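Enquirer: Task: produce atomic coordinates for the following.
(one chain, ligands or ions: 1)
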Amino acid sequence: MINDWDFRTAARTLNIALVPFPEDQDCRGVSRARELALRPGEPHPVFVGVHEMAHIVLGHTTLPGVIEAKFSGKSDTRIKQEHEIEAHTVAILVAEKLQLIDGIEWEEEAEIHYVYHNGGHNEAGIADHVLANADKIRSAAQIIVAAGLPQGVSV
Ligand SMILES: [Zn+2]
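Expert: Coordinates of the predicted model:
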């Protein structure tokens with residue numbers, strides 16, 4: 001990982017509270033409003049944490065009643081698919097920028113497949129959605145990278 005980038009610093013800078021994992025969630029990470037929780041023992045906590053952070057930065061969690069639950073498998077709605085591919089693309093961009101290598105190749109392949117697979121009849125639409133929102137996605141990744149660095153440092 002890039003020297004000096006720190007997940008907790010990023011959360012603090014972005015005014016995101018790290019909270020205990022809710023017992024009623026069957027997933028790897030949860031974000032709601034400006035709170036983020038990771039399942040204890042998550043093998044890739046930074047990657048999953050950045051995914052959840054992306055939901056918050058992208059504004060997904062400020063929609064009324066929305067709980068973003070990674071790998072929950074509980075929602076197949078179109079908006080959920082769009083949120084997942086947006087957050088996941090941000091996480092991949094941040095991971096590449098930070099050279100966060102551990103486990104990422106697997107995560108990237110498996111999760112893109114997961115999201116596209118769950119896109120069902122509209123896989124092409126999901127890809128189009130990413131392209132149509134590329135600026136927003138790139139911007140969120142830059143915000144997260146910058147937030148985790150000590151002040152005045154850039155990569
Ligand atoms: Zn998610």
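Enquirer: can we go C-alpha only for contacts and neighbour counts from here?
Expert: Noted.
Enquirer: Tell me where the protein has strands.
Expert: Using DSSP state E, the strands found in the chain span residues 17-18, 29-32, 35-38, 68-69.
Enquirer: What strands line up against the second one, and which way round?
Expert: In this case it means strand 29-32. If you go by DSSP bridges, strand 29-32 pairs up with strand 35-38 (antiparallel), strand 68-69 (antiparallel).
Enquirer: helices and strands of the protein: which one has the lowest mean pLDDT?
Expert: strand 68-69 (a mean of 48; mean pLDDT, DSSP states H and E).
Enquirer: So which elements touch the longest helix belonging to the chain?
Expert: The longest helix of the chain (DSSP state H) is helix 78-97. Contacts defined by 3 or more CA pairs under 8 Å, 6 or more residues apart in numbering; DSSP states H and E place helix 78-97 against helix 45-57, helix 104-118, helix 123-132, helix 134-147.
Enquirer: what's the least confident stretch among these?
Expert: Note on those: helix 104-118 shows the lowest mean pLDDT, a mean of 55.
Enquirer: Against the ion, how distant is Asp26?
Expert: 13 Å (CA to the ion, to the nearest Å).
Enquirer: Can you report how many residues lie near that residue?
Expert: Neighbourhood size, Asp26 [other CA atoms under 10 Å]: 15.
Enquirer: and the longest helix of the chain, average pLDDT?
Expert: In this model, helix 78-97 has an average pLDDT of 85.
Enquirer: Next, the buried residues of that helix.
Expert: Using 16 or more other CA atoms under 10 Å as the test for burial, helix 78-97 gives 80-95.
Enquirer: Of all pairs in those residues, which one is the farthest apart?
Expert: Using CA to CA, the buried residues of helix 78-97 span at most 22.1 Å, a distance reached by Lys80 and Ala95.
Enquirer: Who are the contact partners of the residue nearest the centre of the chain?
Expert: Against the mean C-alpha coordinate of the chain, by CA atoms, centre = their mean, the closest residue is His51 at 1.3 Å. Going by CA atoms under 8 Å, 6 or more residues apart in numbering, His51 touches Ala87, His88, Val90, Ala91.
Enquirer: Return the distance of the longest helix of the chain from the chain's centre.
Expert: The chain centre lies 6 Å from the centre of helix 78-97; the measure is CA atoms, centre = their mean, to the nearest Å.
Enquirer: Report the contact partners of the residue nearest to Arg8 when sequence neighbours are not counted.
Expert: In space, and not counting its chain neighbours, Arg8 is closest to Gly148: 7.4 Å by CA to CA, 6 or more residues apart in numbering. Residues counted as contacts of Gly148 (CA under 8 Å, 6+ apart) are Asp4, Trp5, Asp6, Phe7, Arg8, Thr9, Ala10, Ala11, Thr13.
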